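J.: Have a look at this prediction, sequence included:
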There are 2 protein chains.
Amino acid sequence: MRPTVHDIAAAAGVSLATVDRVLNQRPGVRHVTREKVEKAIREIGYIRDVAAANLAKGRTYPFVFILPASDNSFMHGLNDEVRAAVARSPVERTDIRTIEVPAFDPAALVRVLEELGRERPSGIALVATDAPEVRDAVDRLVQDGIPVVTLVSDLTGSQRHHYAGVDNIAAGRTAARLLGRFLGGARGEIAVLAGSMLVRDHRERLEGFASVMAAEFPSLSILPVIEGRDDPEMAHMLVADALSKKSGIIGIYSLGAGNRGLIRALKEKAVDRSLTVIAHELTTHTRAALLDGTIDAILNQNAGHEVRSAIRVLKAKADGLAVIEAQERIRLDIFLKDNLP
Amino acid sequence: MRPTVHDIAAAAGVSLATVDRVLNQRPGVRHVTREKVEKAIREIGYIRDVAAANLAKGRTYPFVFILPASDNSFMHGLNDEVRAAVARSPVERTDIRTIEVPAFDPAALVRVLEELGRERPSGIALVATDAPEVRDAVDRLVQDGIPVVTLVSDLTGSQRHHYAGVDNIAAGRTAARLLGRFLGGARGEIAVLAGSMLVRDHRERLEGFASVMAAEFPSLSILPVIEGRDDPEMAHMLVADALSKKSGIIGIYSLGAGNRGLIRALKEKAVDRSLTVIAHELTTHTRAALLDGTIDAILNQNAGHEVRSAIRVLKAKADGLAVIEAQERIRLDIFLKDNLP
DNA sequence: CCAAATTTGATGTACGTAAATCAAAATCTG
DNA sequence: CAGATTTTGATTTACGTACATCAAATTTGG
């Protein structure tokens, strides 16, 4: 049987109450006694039974998720995953609330964060808009002792405790290599469709993409970035326009959302041309496009994993426990038409 | 507060004892009463507090993992992951034992399975060698009510409760598409290195690979499969030999283990040739080869996820609970040099 | 050395469920 | 309808930890 608090008490030659004081860092224990108990804990290899502890505490974790109000499949999916987590709340002892804020609007995000500073939940997860004022607001929360994790998009130079999202520079690099290799040694232009250079994940993807392109595929040149604000309508218009004007385009990297519009433009404009297309985020639309050959590869981040990871990290931080970074690493999925889930 | 057994009792107008009898399917409850209680459970939305239940039961799950005694990095990694799971045993209330059996030896595997049939652990996970006698042994265990999951390699037509591994046909198809597209429209021969056609995962990878190759990349022809028995020495010898004799080889698909030998052969024999190589399993060796350009892509199954998934499934089966198939799906990782973890 | 302050011990209750026991009530059998 | 059988109720203990209370012992300061 695994050792219990009673075993520690016996081993250290103190009472249960003292063991409890040491374990839960309550005051009123002399230094020497505390060390004696800690030694016993180490020696008999005691591990707290978390289930029993939670049961006794009856603790619940009030968490808040701040999500952008974007009308694209990825954000809808993220929303669904948060709702799924809410559904698991009774089992996980979490109490999750979501707040929607306008997308790409640092001021609105800051207002919500300041409001939460007063409310003091056990943890906050946010899809960050990368702006100095947001960073400052997050840093204030962290200074106040509230656990904060960024979700999907990180916050430059902030003190946030953790980032639950993919390595976007690596994602961009991967996209470049796939595109470059799929195109063989062909010569031509590559169009890049992004949401906004205001969000860090898009900037980073572009950065990674451009650096590998420049270093390893010199026969391909990148056109100025098209910013579609993750909006299908806007993306459609801009891409259709680019395809009409530039006949040298042989590849497209769509690093943001709003792929519905991109796909529509491709089907209208590029039936005669054979474009190689790499897009982000697996949705109903990108999936269908991958299967029918409109898109050649999809890079994906699993929203469910991100949300679950964020919750695990927030819990750990709220309890002052360590996070196993390797376990919380979010993988970049690469989907071809053959390995779709 | 979430409802408890007391709330059910009150709602159904019966005693706690009766509720307990219904919840834990103990005998001695009239049909009408049982229905009354079940109705109350549904209506107030009671969910059993698993933590409290496990605490009360003090139950542990004796599980057995049967692993092949193969000297390759992947099996070593799998072993490590099982050991890591053993380390987590006290927390997870599992009691995991591992048994090593000679690789590719159905008879030895059957002997172990029959032995376990007498011992009756709470669950068995095995890396299956795909043979009829193994299938029969597994089916007997299943008939006996012992939960069985296959790990990494599945068992044709058996009654095993679950398979914790990747979709190997999809893996082979993915490898074919990557190789085909990386090679552009080039014409030439593709060598395939496998471990043994005795294990189902290798057969399936080949099947998927060959079908996409035939359908979509007719300019590439597949050479007869080289069987290296997942052994680095043997793989080295066979690949070196093939490279010397066949000058038309422009690509290699290594679908099994023993990649150390393959890489050594490539570095010795193919310095002057530019081969496109796709291999399975991310190990120290394949990782280095990917980074230095000897290998172009690595398909990987995360052994840690497979082991943890197997344990979750065995637990669920042992408790007679449902498995969320979507959650237990093992993803196929695709690594280029840019997205290595 | 005494009083005050600090440290430690002893003990009990709670969390939600499992499981057992024994008594009481209801139902069935002939 | 008596007696046997089945069903139900009431109650208790246990799991391992958290947390609170009060008393006793020890240490500290003056």
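T.: In hand now; what should we look at?

J.: Was I right to think residue A:287 contacts residue A:340?
T.: Yes - contact criterion CB atoms under 8 Å: residue A:287 and residue A:340 qualify, at 6.5 Å. The way it works is simple: take the backbone N, C-alpha and C, and place the C-beta from them, glycine included.

J.: out of these two, which sits in the busier spot?
T.: Neighbour totals were compared for residue A:287 and residue A:340, and residue A:287 leads with 19 against 13 (other CB atoms under 10 Å in any protein chain shown).

J.: what residues are up against that one?
T.: A:298, A:340 (CB atoms under 8 Å, 6 or more residues apart in numbering or on different chains).

J.: Tell me the secondary structure of it, please.
T.: Three-state call for residue A:287 (DSSP: H, G, I helix; E, B strand; the rest coil): helix.

J.: What of residue A:252?
T.: Residue A:252 ends up strand, using three-state DSSP.

J.: how about the closest residue to DNA strand D within the stretch 151-300 of chain A, phi and psi?
T.: Nearest residue of the stretch 151-300 of chain A to DNA strand D, counting by CB to the nearest atom of the strand: residue A:161, 21.9 Å away. With angles defined as degrees, to the nearest 10, residue A:161 sits at phi -70, psi -30.

J.: Number of residues surrounding it?
T.: 19.

J.: measure it to residue A:92 for me?
T.: 19 Å (CB to CB, to the nearest Å).

J.: ok, now residue A:194?
T.: Distance from residue A:194 to residue A:92, by CB to CB: 35 Å.

J.: what do you get for residue A:339?
T.: According to CB to CB, residue A:339 and residue A:92 sit 31 Å apart.

J.: Which one's more surrounded, those two?
T.: Set side by side, residue A:339 and residue A:92 show more neighbours around residue A:339, with 23 against 18, by other CB under 10 Å.

J.: ok, now which ones touch the more buried one?
T.: Contacts of residue A:339 by CB under 8 Å, 6+ apart are B:167, B:170-171, B:173-174, B:332, B:334.

J.: Residue A:137 now?
T.: A:109-110, A:113-114, A:117.

J.: The residues you listed into CSV, with extra columns for neighbour count, secondary structure and pLDDT?
T.: Listed next are those as CSV, based on neighbours: other CB atoms under 10 Å in any protein chain shown; DSSP: H, G, I helix; E, B strand; the rest coil; pLDDT from 0 to 100:
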residue, neighbour count, secondary structure, pLDDT
A:109, 25, helix, 96
A:110, 20, helix, 97
A:113, 24, helix, 97
A:114, 13, helix, 96
A:117, 16, helix, 93
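
J.: Need the max-distance pair from those residues.
T.: By the measure CB to CB, A:109 and A:117 form the most distant pair in these, at 12.9 Å.

J.: just checking, residue A:19 touches residue A:13?
T.: No - using CB under 8 Å, residue A:19 is not in contact with residue A:13; the gap is 10.7 Å.

J.: So for these two, which residue has more residues nearby?
T.: Using other CB under 10 Å, the more surrounded residue of residue A:19 and residue A:13 is residue A:19, with 24 against 11.

J.: Run through the residues that contact the more buried one.
T.: Neighbours of residue A:19 in contact, by CB under 8 Å, 6+ apart: A:5, A:8-9, A:12, A:37.

J.: can we see that at 10 Å?
T.: Residues in contact with residue A:19, defined by CB atoms under 10 Å, 6 or more residues apart in numbering or on different chains, are A:4-12, A:29, A:37, A:40-41, A:46.

J.: okay, residue A:304: pLDDT?
T.: Note on residue A:304: pLDDT of 93.

J.: mind checking which helix or strand it is in?
T.: Per DSSP states H and E, residue A:304 falls inside helix A:303-318.

J.: Now that helix - C-alpha only, PDB.
T.: Output in PDB follows, covering the C-alpha atoms of helix A:303-318 (Å, rounded to 0.1, in the frame of the first residue of the first chain):
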ATOM      1  CA  ALA A 303      -8.100  23.200 -30.500                       C
ATOM      2  CA  GLY A 304      -9.200  20.500 -28.100                       C
ATOM      3  CA  HIS A 305      -5.700  19.700 -27.000                       C
ATOM      4  CA  GLU A 306      -5.000  23.400 -26.600                       C
ATOM      5  CA  VAL A 307      -8.000  24.000 -24.400                       C
ATOM      6  CA  ARG A 308      -7.400  20.900 -22.300                       C
ATOM      7  CA  SER A 309      -3.700  21.800 -21.900                       C
ATOM      8  CA  ALA A 310      -4.600  25.400 -20.900                       C
ATOM      9  CA  ILE A 311      -6.900  24.000 -18.200                       C
ATOM     10  CA  ARG A 312      -4.300  21.600 -16.900                       C
ATOM     11  CA  VAL A 313      -1.700  24.400 -16.700                       C
ATOM     12  CA  LEU A 314      -4.100  26.800 -15.000                       C
ATOM     13  CA  LYS A 315      -5.000  24.100 -12.400                       C
ATOM     14  CA  ALA A 316      -1.300  23.400 -11.700                       C
ATOM     15  CA  LYS A 317      -0.500  27.100 -11.400                       C
ATOM     16  CA  ALA A 318      -3.500  27.600  -9.100                       C
END
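
J.: anything in that helix sitting right up against DNA strand D?
T.: No - Helix A:303-318 does not reach DNA strand D (CB under 7 Å from any atom of the strand); its nearest approach is 12.8 Å.

J.: What residues of that helix count as buried?
T.: A:303-318 (16 or more other CB atoms under 10 Å in any protein chain shown).

J.: ok, which residues in chain A are in contact with DNA strand C?
T.: Counting by CB under 7 Å from any atom of the strand, the residues of chain A that sit close to DNA strand C are A:13-18, A:21, A:27-30, A:32-34, A:52, A:55-56, A:58.

J.: from these, which ones fall inside helices?
T.: A:16-18, A:21, A:32-34, A:52, A:55-56 (DSSP state H).

J.: Against residue A:330, how distant is residue A:149?
T.: 12 Å.

J.: Sort out which residues of whichever helix or strand comes after the helix holding residue A:304 are buried, please.
T.: With elements assigned by DSSP H and E, the helix or strand that comes after helix A:303-318 is helix A:325-328. Buried residues in helix A:325-328, counting neighbours by 16+ other CB under 10 Å, are found at residue A:328.

J.: and what of stretch A:46-66?
T.: Neighbour-count burial for stretch A:46-66, counted by 16+ other CB under 10 Å, picks out A:46, A:49, A:51, A:54-55, A:60-61, A:63-66.

J.: Out of these, name the ones that lie in helices.
T.: A:51, A:54-55.

J.: Cross-check these against DNA strand D and keep the overlap.
T.: residue A:55.

J.: so which of the ones in helices among the buried residues of stretch A:46-66 comes closest to chain B?
T.: residue A:51 (3.7 Å; CB to the nearest CB).

J.: Surely the closest one and residue B:57 touch.
T.: No - with contact defined as CB atoms under 10 Å, residue A:51 does not reach residue B:57; the gap is 11.1 Å.

J.: joint contacts of the two?
T.: residue B:93.

J.: same question for stretch A:319-332, mean pLDDT?
T.: 85.

J.: quick one: is that stretch near DNA strand D?
T.: No - remark: stretch A:319-332 sits outside contact range of DNA strand D, by CB under 7 Å from any atom of the strand, the gap being at least 9.5 Å.

J.: C-alpha coordinates for that stretch, PDB please?
T.: These are the backbone C-alpha positions of stretch A:319-332, laid out as PDB (Å, rounded to 0.1, in the frame of the first residue of the first chain):
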ATOM      1  CA  ASP A 319      -2.200  24.800  -6.900                       C
ATOM      2  CA  GLY A 320       1.300  26.000  -7.100                       C
ATOM      3  CA  LEU A 321       2.400  22.800  -8.800                       C
ATOM      4  CA  ALA A 322       5.000  22.300 -11.500                       C
ATOM      5  CA  VAL A 323       4.000  21.900 -15.200                       C
ATOM      6  CA  ILE A 324       5.500  19.100 -17.200                       C
ATOM      7  CA  GLU A 325       6.400  21.200 -20.200                       C
ATOM      8  CA  ALA A 326       7.000  18.200 -22.500                       C
ATOM      9  CA  GLN A 327       3.500  17.000 -21.900                       C
ATOM     10  CA  GLU A 328       2.000  20.400 -22.600                       C
ATOM     11  CA  ARG A 329       3.700  20.900 -25.900                       C
ATOM     12  CA  ILE A 330       1.100  21.400 -28.600                       C
ATOM     13  CA  ARG A 331       1.900  19.500 -31.800                       C
ATOM     14  CA  LEU A 332       1.600  20.800 -35.300                       C
END
